[in-house]
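Visitor: no sequence for this one, just the structure:
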């Protein structure tokens with residue numbers, strides 16, 4: 001699995017965007033978050049990936065200042081009351097953790113998480129103990145992750161041993177009491 005395939009899997013995750021509308025008020029662009037009913041100065045999201053809903057489809061680009069979105073081939077000006085979605089960022093410690101996972105472990109973790117109706121973008125806490133062990137020959141420990149999809153909370157313990165072989169064990173526990181354990185030995 002290459003980085004492009006991983007990137008595509010991340011793009012397809014539920015709740016990876018914040019949906020809302022933009023309005024030009026008092027000579028500035030304001031973003032109205034549909035989920036939180038909050039208004040934010042659009043300049044806060046400058047240089048982030050956004051998608052603009054036009055002509056029955058989403059056009060992807062990078063938000064520039066003054067309501068300009070640079071796409072792969074052109075640039076467009078935002079229009080008042082236009083629907084956009086802003087790409088969410090993963091928690092940094094989670095981003096570092098998934099980079100450490102081999103392809104099989106990453107895919108099994110992600111598909112298990114998704115089967116429980118959670119997305120990587122639902123992560124509200126990630127303690128990545130693995131990143132503190134970079135210089136060690138034997139890397140062993142537990143990472144703790146918490147996900148909240150708005151209906152249910154999922155706690156994940158990632159037990160790992162990386163030495164001559166790589167061992168990953170993920171224990172998923174939902175607030176409903178449901179549990180899943182997956183293990184990957186290499």
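Guide: Cool, got the structure. Remember, it's a predicted structure, so these values are computed and weren't measured experimentally. Numbers count the residues shown, from 1 in each chain.
Visitor: give me the contact list for the lowest-mean-pLDDT helix or strand in the chain.
Guide: Taking mean pLDDT, DSSP states H and E as the measure, the helices and strands of the chain show their lowest mean at helix 3-11, namely a mean of 82. By Cβ atoms under 8 Å, 6 or more residues apart in numbering, the surrounding residues in contact with helix 3-11 are 16, 90, 98, 106, 107, 110, 120. No exception for glycine: its C-beta is placed from N, CA and C like everyone else's.
Visitor: just how off-centre is it within its chain?
Guide: In terms of Cα atoms, centre = their mean, to the nearest Å, the centre of helix 3-11 is found 11 Å from the chain centre.
Visitor: same check on stretch 66-80?
Guide: 24 Å.
Visitor: buried residues, it. List them.
Guide: Buried positions in stretch 66-80, judged by neighbour count with 16 or more other Cβ atoms under 10 Å: 67, 69, 78.
Visitor: just send those residues back as a markdown table, with pLDDT too.
Guide: Output for these, formatted as a markdown table (pLDDT from 0 to 100):
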| residue | pLDDT |
| --- | --- |
| 67 | 92 |
| 69 | 96 |
| 78 | 95 |
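Visitor: returning to what we had before: ranking by neighbours, what's the top pick from the contacts of helix 3-11?
Guide: Among those, the one with the most neighbours (other Cβ atoms under 10 Å) is residue 120, at 24 neighbours.
Visitor: need the nearest residue in space to that residue, chain neighbours excluded.
Guide: Distances taken as Cβ to Cβ, 6 or more residues apart in numbering put residue 13 closest to residue 120, at 5.4 Å, once the chain neighbours are dropped.
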